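Asker: predicted model, plus sequence, below.
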Amino acid sequence: MVSNSKSIGAFFLLVRAGLFGRTEGIEDFLPDGVDWEKVCLLAEEQGVVGLIAEGIEIVGAEWLKIHGTPFVPADWALTLACAALKLEQRNLDTNRFVAGLIDRLRREGIHVLLLKGPGLAQCYKKPLWRVCGDVDLLLGEADFQKAKDSLLPSASFSKEGNEYKKEFAVKIADWLVELHGSLRCGFSSGIDRELDQIYLDTFEGGYVRSWMNGEVPVFMLGKENEVFYVFVHFLNHFYKSGVGLKPICDWCRLLWTFRDSLDLSALEFRLKKTTLMSEWRAFGMFAVEYLGMPEDAMPFYCEDEKWRHKAKQILAFVLKTGNLGFNRRGKVSVNNLLARKIKSSGQRICNLSNHFTIFPIDTLRFFPSIFLNGLLQK
């Protein structure tokens, strides 16, 4: 984890520029003392290498006009530019893979939706510079088993996932494809019921949006549904293992892209129904304070010191854990199932102890489901 405050300041300056093109504060920033190796490490930990590379382009151009000197040393600027180009090529390959996979399944009569990933990346100014991970596909009840049967013969690896969440993973070529028969997260039964309703809205109500991936139409969740799902998805990681900037940036770009067309009354009803308005406002303050999210584009933003305090606590946890618990990987090799359960349970209890100081009521409310589902997870 990066601890140098000067390096963290430079990192967030570049994130804000890459995410929203904002450069406020650049005139007062002094790059002397920034450890650029740590900035690059932080970009990797948080899953935002592409955003940092884009930020360097924007901040670097403005800095050069003001001071006549480079903002980032040439060797580190080149390192990040090369990383962004590799990321771009990987995403081009991923887009082709996704198009081929969805087209193949559709020809077999199997209808799928793409969750997050390359579809959500279209909300960014440079979609090919968003770090993409697994390919997540959402399927209706009848198509879930059909997709498993279709993909297994071409898979080099497969794994049954959580039965309650209806998950199944296969490795095809260089990509891990996760099949989802539900949207459930498993940290709150009330939230899962709302996610089940979104699932019904999607497959029975037909509320979807689409993206033309080459010549293949790719269907995704409707905008309000995806905003809520992405928010709940990173809360799930926040409460269970660790959350980085990448999914929070995704949420911000979704809100920014659809800022003039979201049904805010429906979104507000859903947040109040699931009692997640406190988390929304705290992460909303975090997005405004640290990521450059414009206040008028953040629904239900509340200018109150208590949300600013919670945002600072969220920042500390984000920097500590990294994207999807990046900073906790590989520290201990645990092959024994019981030992792994003990380790993960201890980690979750530590997380929840920390979160109790931020969201005390919901931490207590979510604890039983988080602990039980963690024990049942394979």
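Answerer: Received it, and whenever you're ready, just let me know what you need. No experiment lies behind these values; they were computed from the predicted model shown.
Asker: pLDDT weak spots in this structure?
Answerer: 1-3, 323-349, 371-378 (pLDDT under 70).
Asker: which residues in this structure form helices?
Answerer: Using DSSP state H, the helices of the chain run over residues 5-20, 36-46, 49-67, 74-107, 117-121, 141-151, 189-203, 223-240, 245-257, 264-273, 277-291, 305-321, 337-356, 360-376.
Asker: a markdown table for those, including mean neighbour count and distance to Leu176?
Answerer: Yep, even glycine has a C-beta here, placed from its N, CA and C like the rest. Output for those, formatted as a markdown table (neighbours: other Cβ atoms under 10 Å; distance: least, Cβ to Cβ, whole Å):
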| stretch | mean neighbour count | distance to Leu176 |
| --- | --- | --- |
| helix 5-20 | 22 | 26 |
| helix 36-46 | 20 | 19 |
| helix 49-67 | 19 | 19 |
| helix 74-107 | 16 | 11 |
| helix 117-121 | 23 | 11 |
| helix 141-151 | 17 | 12 |
| helix 189-203 | 17 | 22 |
| helix 223-240 | 22 | 17 |
| helix 245-257 | 23 | 17 |
| helix 264-273 | 14 | 30 |
| helix 277-291 | 21 | 27 |
| helix 305-321 | 17 | 22 |
| helix 337-356 | 14 | 20 |
| helix 360-376 | 15 | 21 |
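Asker: quick check: which of these is nearest to Tyr164?
Answerer: Proximity to Tyr164, assessed across the helices of the chain by Cβ to Cβ, is greatest for helix 360-376 (7.2 Å).
Asker: TSV please, covering the helices of the chain and showing distance to Gly214.
Answerer: Below are the helices of the chain laid out as TSV (distance: least, Cβ to Cβ, whole Å):
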stretch	distance to Gly214
helix 5-20	26
helix 36-46	29
helix 49-67	21
helix 74-107	5
helix 117-121	11
helix 141-151	21
helix 189-203	23
helix 223-240	21
helix 245-257	21
helix 264-273	32
helix 277-291	31
helix 305-321	35
helix 337-356	40
helix 360-376	38
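Asker: Asp134 is nearest to which of these?
Answerer: Taking Cβ to Cβ, helix 117-121 is the member of those nearest to Asp134, at 7.7 Å.
Asker: what helices or strands is the closest one leaning on?
Answerer: Judged by 3 or more Cβ pairs under 8 Å, 6 or more residues apart in numbering; DSSP states H and E, helix 117-121 is in contact with helix 74-107, strand 208-213, strand 216-221, helix 245-257.
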